[in-house]
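A structural model of the following input is requested.
(chains A, B, C and D)
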2 protein chains.
Amino acid sequence: MITISNQIEFRHFKYFLAVAENLHFRKASEQLYISQPGLSRQIKQMEEKLGIKLFERHNRKVELTKAGLYLQKELSLHFKKLNN
Amino acid sequence: MITISNQIEFRHFKYFLAVAENLHFRKASEQLYISQPGLSRQIKQMEEKLGIKLFERHNRKVELTKAGLYLQKELSLHFKKLNN
DNA sequence: TAAAAATACTCCATAGGTATTTTAT
DNA sequence: ATAAAATACCTATGGAGTATTTTTA
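Modelled structure (predicted):
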C-alpha cells in the first residue's frame, strides 16, 4: 500500500516548488494562478502534515530550511518523471 | 511549471494501482478503505481526464489495457520514490 | 509606512457514502 | 440467480477567494 497521499497531494508539491523557486509567496501565487492566502494556507498545511518546517519567513525574505532544500532537490528529481 | 496535477491527483494513482493490482474493484476498494462506487467513479474520472482507457471491464473480469499496463509499470517505478 | 505573509470569513466544488440499477454469466 | 461495476442522490469537507490584520525593515 502507498501511504504518502493520505496526507500530501500533488497540489502541495506543485505549490511548494513554486515557492521554493520564487522565494516569494505573492509571486509564486501569481505563477500558480491562485491567491496569495490560498498558497500560504496550503504551504502551512503541508508543513503541518509533514511535521517539518519548509520555509523560514523573515518578513521580506523567504528562505528554504535545510529540510525544504532537501525536499526541493528530491522533487525536482522525481516529480517530473510522472509527467509523460 | 508543473502541469500534471491540474488534472490528476495522488489519489488517482493510488486508486489506480490498487485496482491494477487486484483487478477487482470491490477488493481494491476494501484495501483502500473506501466504497466501491467511490473507487469506480475516481477511476472513471481518471480515465476521462487522461483521455485514456485504463481498464477493460468485461463483467466478472477486469483487465488492464495496454495503456494501463504501461502506466502501472511507470508508477511502480517512480511513484514510490516520493515516499521518504 | 509600506511590502509581504497570515488570519477571518465565506462559498462552493467535489470526494465519498448509501441505496439502487444495470449487466453478463 | 448472482456477482460485480455503474449510476443516482445526497452530504460534508476543505480548497480557494476577498477583505483585513499582523509583522518587520
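
give me the number of residues near A:Leu75?
Using other CB atoms under 10 Å in any protein chain shown, A:Leu75 has 18 neighbouring residues. For the C-beta atoms, the positions are set from N, CA and C on the backbone; glycine is no exception.

show me the contacts for it.
By CB atoms under 8 Å, 6 or more residues apart in numbering or on different chains, the contact list for A:Leu75 reads A:Phe13, A:Phe16, A:Leu17, B:Leu82.

how about a cut-off of 10 Å?
Applying CB atoms under 10 Å, 6 or more residues apart in numbering or on different chains, we find A:Leu75 in contact with A:Phe13, A:Lys14, A:Phe16, A:Leu17, A:Ala20, B:Ile2, B:Lys81, B:Leu82.

now the helix ranked longest in chain A: mean pLDDT?
For chain A, the longest helix by residue count, based on DSSP state H, is helix A:36-50. Average pLDDT, helix A:36-50: 96.

Can it be said to contact chain B?
Yes - for helix A:36-50 and chain B, the contact criterion (CB under 10 Å from any CB of the partner chain) is met by A:Leu50.

re earlier: among the contacts of A:Leu75, which lie within helices?
Going by DSSP H, the helices hold A:Phe13, A:Lys14, A:Phe16, A:Leu17, A:Ala20 from the contacts of A:Leu75.

That's all I had, so thanks and see you.
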